[in-house]
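Chemist: missing the sequence, but the structure's below:
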């Protein structure tokens, strides 16, 4: 089985979701500017605030298409069978991961986690429409609960979550990583202050990772687990 991303059913769902995400991008850019300005002034914009949560509740906040395709290619290259996505939202990048895992064999799984119930339902629906629902388990709740046990050795992690939780999520996942596992994290340059704890972990050789920042928009951290 080759290049599921070219399958008309999957391609149609992805085109629809990416177009919707692009239309929503203006309001998210304004939030991004507010977050960066607030961080500089020592007045952080907290994503758990009711007004911010309401703004984000119907936003896809999808991973950029080039980054999502890159994750697909990485999963194919390493033959990933157990993939964890930290921050599923509406399931756009999940579709790319699930396509790669299905192509890699019949026994693979993508485990996603999302705290908004409406987004969990939407993600599951989008995955079903793409014909990939059977490859993915979307867990609803706080990542500090949903990632305690992902059921086996992890080959690949996509970290695309509220930055202050990224380090806590990776701390939970690190004991579950297989040797040579790949971990990617979005927007580490754009939100370098918020990701400071996370970056200190993956960039210090004593912690078992080898890491580099890739020049995608906003910065994309690629880390390999070599304990």
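Modeler: Looks like it arrived, so ask away. Bear in mind that the values here come from a model prediction, so they are computed numbers and not experimental data.
Chemist: And the lowest mean pLDDT element among the helices and strands of this protein?
Modeler: Per-element confidence for the chain was summarised using mean pLDDT, DSSP states H and E. The lowest value among helices and strands belongs to helix 50-56, with a mean of 53.
Chemist: phi, psi of the residue found closest to residue 219 once you drop the neighbours it is linked to in the chain?
Modeler: Ranked by CB to CB, 6 or more residues apart in numbering and with sequence neighbours excluded, the top spatial neighbour of residue 219 is residue 189, at 2.7 Å. All C-beta atoms are positioned from the backbone trio N, CA, C, and that covers glycine. Here is the backbone geometry of residue 189 (degrees, to the nearest 10): phi -90, psi -40.
Chemist: Residue 189 against residue 199, yeah?
Modeler: No: Residue 189 is not in contact with residue 199 according to CB atoms under 8 Å; the separation is 10.0 Å.
Chemist: quick one: the longest strand seen in the chain to chain centroid distance?
Modeler: Counting by DSSP state E, the longest strand found in the chain is strand 177-186. Between the centre of strand 177-186 and the centre of its host chain there is 12 Å, according to CA atoms, centre = their mean, to the nearest Å.
Chemist: got it, and stretch 175-182?
Modeler: Relative to the chain's own centre, stretch 175-182 is displaced by 16 Å; criterion: CA atoms, centre = their mean.
Chemist: Give me the residues contacting that stretch.
Modeler: Residues from elsewhere that reach stretch 175-182, judged by CB atoms under 8 Å, 6 or more residues apart in numbering: 74, 78, 80, 149-150, 152-157, 183, 222-227.
Chemist: and if you look at stretch 144-159?
Modeler: In this structure, residues lying in contact with stretch 144-159 by CB under 8 Å, 6+ apart are 63, 71, 74-75, 78-87, 93, 97, 109, 111, 113, 139-140, 165-166, 168-170, 172-173, 176-178, 181-186, 198.
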